[in-house]
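**Student:** here is my input, please return the structure:
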Amino acid sequence: MALNALVALARNGVNDDRRIINAKGKRPELRNLELTAIDHFCKTVEVIDLIGNTDVKELSAAVRECADRTPGAAEPFAPTATIMPVTGRLPKKMVSDPAGYFVIFIDLLRRRLNLEHYKNNGVLTAIIEGCSAAEVYMTAIERGLLTRLDHAAYLGRELTRAEHALSSGETYAQEAAT
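**Tutor:** Model (predicted):
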């Protein structure tokens, strides 16, 4: 959050959509905070706007003034909603994509990424070339060459590795799907 948004939050709070009132910026919003948490912050934290002030004496005086005030501990805040992290896991076995599989390689001479798509019976159905991973995987998605999200994630990861190898001149070998 930009510093001006923090100052605006302290001065003005948020509207019903959790947008900081009068804050500059593309998205000065606090979507992941409860209104009670935002209200608690506004009541318990004093924000002093010294943005742009480079006068060391004025800044030091403001720090001393804050240090001399001892309002005591703020009331604790107990959030009512919590999002608990979930531990990621690997699949027990690979599940083939019914749409087929891909072979990725790089053409260093032409500076291109190459993606070949095969049906699961080994029949080549498409060849996609591009300069970036995004160009290639977006075309594969648009053409309906994959149907599983895990396959799409694998393809994106591998194409990104291939793109890095292409730009750095390193060799690239496609990893087996897991």
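
**Student:** contacts and neighbour counts: CA atoms only from here.
**Tutor:** OK.

**Student:** low-confidence ranges in this protein?
**Tutor:** Flagging of the chain using pLDDT under 70 yields the residue ranges 1-3, 176-178.

**Student:** rerun that using 90 as the cut-off
**Tutor:** 1-6, 16-17, 24-27, 31-49, 51-52, 66-85, 88-95, 108, 169-170, 175-178 (pLDDT under 90).

**Student:** domain map for the chain?
**Tutor:** 3-68, 101-168 (automatic domain parsing).

**Student:** can you put those domains in a markdown table and add distance to Ala81?
**Tutor:** Formatted as a markdown table, those follow (distance: least, CA to CA, whole Å):
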| stretch | distance to Ala81 |
| --- | --- |
| domain 3-68 | 8 |
| domain 101-168 | 29 |
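
**Student:** skipping adjacent residues, who's closest to Val103 in space?
**Tutor:** Glu116 (5.1 Å; CA to CA, 6 or more residues apart in numbering).

**Student:** buried ones in the longest helix seen in the chain?
**Tutor:** Counting by DSSP state H, the longest helix found in the chain is helix 149-168. Residues of helix 149-168 classed as buried: 150-152, 154-156, 158-166 (neighbour count, 16 or more other CA atoms under 10 Å).
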